[in-house]
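S.K.: Sharing a model prediction with you, sequence too.
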Amino acid sequence: MPQEPVAGSLSTSYWYAGSLPGSEYRDGWIAAHNSIPCSCSDLCHAHVWKQPFLAEKNRIGSEKQSVLFLITALFSYREYVILTRKIFVFFGSVWRTFVKITCKQQDLSRGLSIVSHGVSNRSTLPILANILLATDHGRLKLSATNLEIGINCWVDAQIHEEGTTTVPAKLLTDFVNSLPQAPVDISVPEDTHKVSIKGEGITANIKGMDSSEFPLIPSAEGGEPPVILDAALLKEMIAQVALAASEDESRPVFTGVLVQVGNEKVTFAAADSFRLAVRTAPLPGDETAHGDILVPARTLHELARILPSEGAVQMIVTPNRSQVLFHTEQIDLVSRLIDANFPNFRQIIPKEHSTRAVVETKAFAARVKSAALFARDSSNIARVKIAGGDNSGLEPGKITIEATAEDLGDNVGVLNAAVDGPEQQIIFNVKYLAEVLAVIDTPEVAIEVNSPTKPGVVKPVGPADYTYVIMPMHTNR
């Protein structure tokens with residue numbers, strides 16, 4: 001038998017509608033209703049049943065009274081049926097979806113692609129493999145987190161019913177990508193977690209999870225004054241610096257990118273045991289004092305992938321300086337910060353050089369790429385020889401790059417260069433050379449060296465805002 005609800009309540013009327021009262025239960029219901037002051041409307045079943053049943057109960061004892069009781073009960077049952085229909089109509093009007101939205105397929109697909117960078121695929125928490133869908137001030141908000149970074153993306157949508165739910169990220173993304181470019185309807189019935197998605201000629205029902213289990217993505221409310229950066233410039237700075245960060249988690253300080261803001265400029269720096277990359281950019285008018293922060297390089301790589309090609313980006317540090325928020329008009333990325341002190345990188349940068357060679361960036365990158373094919377089987381060793389021309393200037397200087405694979409063969413690449421200084425020979429990791437040349441977009445690049453045992457420097461020719469220091473390799477071969 002179902003558990004009885006409180007008499008005289010709306011839930012009582014609704015519960016009655018699903019169970020026709022029998023003689024073994026009605027007396028208890030009527031007694032409960034009589035013992036509690038009633039302010040209910042005509043929807044209350046006790047009003048329908050109370051009077052005829054109480055009257056008949058006192059006169060039961062003879063066959064004539066039983067017949068009269070049955071006749072009265074039939075009239076009461078007729079009233080019950082009418083009342084039941086009223087209840088179904090009433091509850092049909094309030095039984096509605098708590099999420100119902102319509103948006104463009106291409107907008108939804110783009111938003112899912114962005115937040116998917118924050119989805120965790122290896123976590124022991126199933127909720128982290130889901131994307132949170134929530135209505136937010138007339139837009140659809142998509143969220144994902146792996147507990148290290150959290151990403152929010154807002155998509156333009158028509159909001160018919162407010163609400164929130166979570167859906168498996170991969171299935172939702174793949175399904176939306178398969179839909180034609182047409183409006184997409186998303187709805188979730190109340191008290192369920194099954195998401196209905198309707199495209200043009202296609203409908204799917206996807207089982208989700210309770211949104212209350214989804215971790216809260218922190219905001220930067222009350223944080224430090226924002227640092228305003230251009231999106232294109234920020235992406236360029238990340239590409240040129242984050243490549244030098246280490247992937248060795250045993251030394252967390254070298255897995256991050258140091259961000260310094262002061263004196264109307266911003267500086268990014270990253271290093272491991274073999275190289276250092278430093279990039280500066282002007283911040284005219286920003287005289288606010290900001291403390292140094294250490295942002296995980298993985299975070300910046302993900303940020304560069306999802307940032308728009310243009311527009312402003314706000315960088316805000318949370319009040320406790322444990323997290324940083326990168327905010328655009330449609331995207332938020334929140335990341336933890338590394339709690340460590342980055343070494344004084346300026347001491348590592350050579351202050352002078354004995355030999356400097358200037359070469360075409362694309363030609364040099366092509367020679368390095370060819371050498372890498374052979375060097376990858378010999379610890380990425382590449383010999384770089386810098387030789388000046390004759391004194392008359394008729395014979396230009398040259399840079400030679402050599403790589404040897406004992407079991408495969410060898411490679412020699414030569415290109416003309418403007419050389420200033422004595423002849424030098426130094427061994428570099430060809431992988432580190434190839435990576436830096438891929439992120440320098442100036443027509444010419446300079447290589448500065450002092451000796452085979454001291455670090456060399458690679459710089460773009462023209463702007464003095466990027467420095468790449470690379471340690472030499474030592475070999476007896």
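M.R.: Looks like it came in fine.

S.K.: Flag the shaky bits of the stretch 251-400 of the chain, pLDDT-wise.
M.R.: Low-confidence regions of the stretch 251-400 of the chain, defined by pLDDT under 70, span residues 390-394.

S.K.: again but with the stretch 101-250 of the chain, I slipped
M.R.: Checking the stretch 101-250 of the chain against pLDDT under 70 turns up nothing.

S.K.: That one: helices as residue ranges?
M.R.: Chain-ordered helices for the stretch 101-250 of the chain, with DSSP state H, counting those that start in this stretch as the definition, fall at 105-115, 169-178, 231-241.

S.K.: OK, contacts around Ala269?
M.R.: Contacts of Ala269 were listed using C-beta atoms under 8 Å, 6 or more residues apart in numbering, and they are Val241, Val257, Leu258, Gln260, Leu276, Ala277, Val278, Arg279, Phe342, Phe345. Any C-beta I mention is one placed from the backbone N, CA and C, and that applies to glycine too.

S.K.: swap the cut-off to 10 Å and go again
M.R.: Ala269 makes contact with 241, 244-245, 256-260, 276-280, 292, 294, 342-343, 345-346, 348-349, 467 under the criterion C-beta atoms under 10 Å, 6 or more residues apart in numbering.

S.K.: Now, of the residues you listed, which are buried?
M.R.: Neighbour-count burial within the contacts of Ala269 applies to 241, 244-245, 256-260, 276-280, 294, 342, 345, 348, 467; the criterion is 16 or more other C-beta atoms under 10 Å.

S.K.: thinking again about what came up before, to Phe428, which of the helices of the stretch 101-250 of the chain lies closest?
M.R.: With C-beta to C-beta as the criterion, Phe428 lies closest to helix 231-241 of the helices of the stretch 101-250 of the chain, at 17.9 Å.

S.K.: For Asp42, report the pLDDT, please.
M.R.: You'll see Asp42 listed with a pLDDT of 42.

S.K.: oh, I was asking about Ser11
M.R.: Per-residue confidence at Ser11 stands at 34 (pLDDT).

S.K.: what is Arg275 paired to in the beta sheet?
M.R.: Note on Arg275: beta-bridge partners Ile470, judged by DSSP bridges.

S.K.: cool, Ala144 as well?
M.R.: As for beta bridges, Ala144 partners with Ile151 under DSSP bridges.

S.K.: What is the neighbour count of it?
M.R.: 26 (other C-beta atoms under 10 Å).

S.K.: now the one 10 residues further on
M.R.: Counted with other C-beta under 10 Å, the burial measure for Trp154 works out to 19 neighbours.

S.K.: Surely it touches Gly111?
M.R.: Yes. Here Trp154 reaches Gly111: they are 7.6 Å apart, a contact under C-beta atoms under 10 Å.

S.K.: From the buried ones among the contacts of Ala269, which land in helices?
M.R.: Residues from the buried ones among the contacts of Ala269 lying in helices, with DSSP state H as the criterion: Val241.

S.K.: my guess is His160 meets Thr102, correct?
M.R.: Yes. Taking C-beta under 10 Å as the contact criterion, His160 and Thr102 are neighbours in contact, 7.0 Å apart.

S.K.: So for those two, which residues contact both of them?
M.R.: With the criterion set as C-beta under 10 Å, 6+ apart, the overlap between the contacts of His160 and Thr102 is Asp185, Ile186, Ser187.

S.K.: ok, what's across the strand from the first one?
M.R.: Going by DSSP bridges, Asp185 is paired in beta bridges with Thr102, Lys198.

S.K.: Next, the contact list for it, please.
M.R.: With contacts taken as C-beta under 10 Å, 6+ apart, Asp185 has the following neighbours: Lys100, Ile101, Thr102, Cys103, Gln158, His160, Ser196, Ile197, Lys198, Gly199, Thr203.

S.K.: Kindly indicate which of those lies nearest Leu142.
M.R.: The shortest approach to Leu142 among the contacts of Asp185 belongs to Cys103, at 10.5 Å (C-beta to C-beta).

S.K.: give me the number of residues near the residue nearest to that closest one when sequence neighbours are not counted?
M.R.: Take Cys103 and drop its neighbours on the chain: the residue closest to it by C-beta to C-beta, 6 or more residues apart in numbering is Ala157, 3.8 Å away. Using other C-beta under 10 Å, Ala157 has 22 other residues around it.

S.K.: cool, and Val449?
M.R.: The tally of other residues near Val449 (other C-beta under 10 Å) stands at 24.

S.K.: got the contact list for Leu333?
M.R.: 114-115, 117-118, 149-153, 217, 299-300, 302-303, 306-307, 313, 324-327.

S.K.: what phi and what psi does the backbone show at the residue lying closest to Lys369 once chain neighbours are set aside?
M.R.: Ranked by C-beta to C-beta, 6+ apart and with sequence neighbours excluded, the top spatial neighbour of Lys369 is Ala434, at 6.2 Å. Dihedral angles of Ala434 (phi, psi; degrees, to the nearest 10) stand at phi -60, psi -40.

S.K.: Was I right to think Thr318 contacts Pro218?
M.R.: Yes. Using C-beta under 10 Å, Thr318 is in contact with Pro218, at 6.6 Å.

S.K.: Now the common contact residues for these two.
M.R.: Common neighbours of Thr318 and Pro218 are listed as Leu325, Val334, Arg336 (criterion: C-beta under 10 Å, 6+ apart).

S.K.: Any chance of JSON lines for those, columns distance to Pro284, neighbour count and secondary structure?
M.R.: Output for the shared contacts of Thr318 and Pro218, formatted as JSON lines (distance: C-beta to C-beta, whole Å; neighbours: other C-beta atoms under 10 Å; DSSP: H, G, I helix; E, B strand; the rest coil):
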{"residue": "Leu325", "distance to Pro284": "23", "neighbour count": "22", "secondary structure": "strand"}
{"residue": "Val334", "distance to Pro284": "27", "neighbour count": "23", "secondary structure": "strand"}
{"residue": "Arg336", "distance to Pro284": "30", "neighbour count": "17", "secondary structure": "strand"}
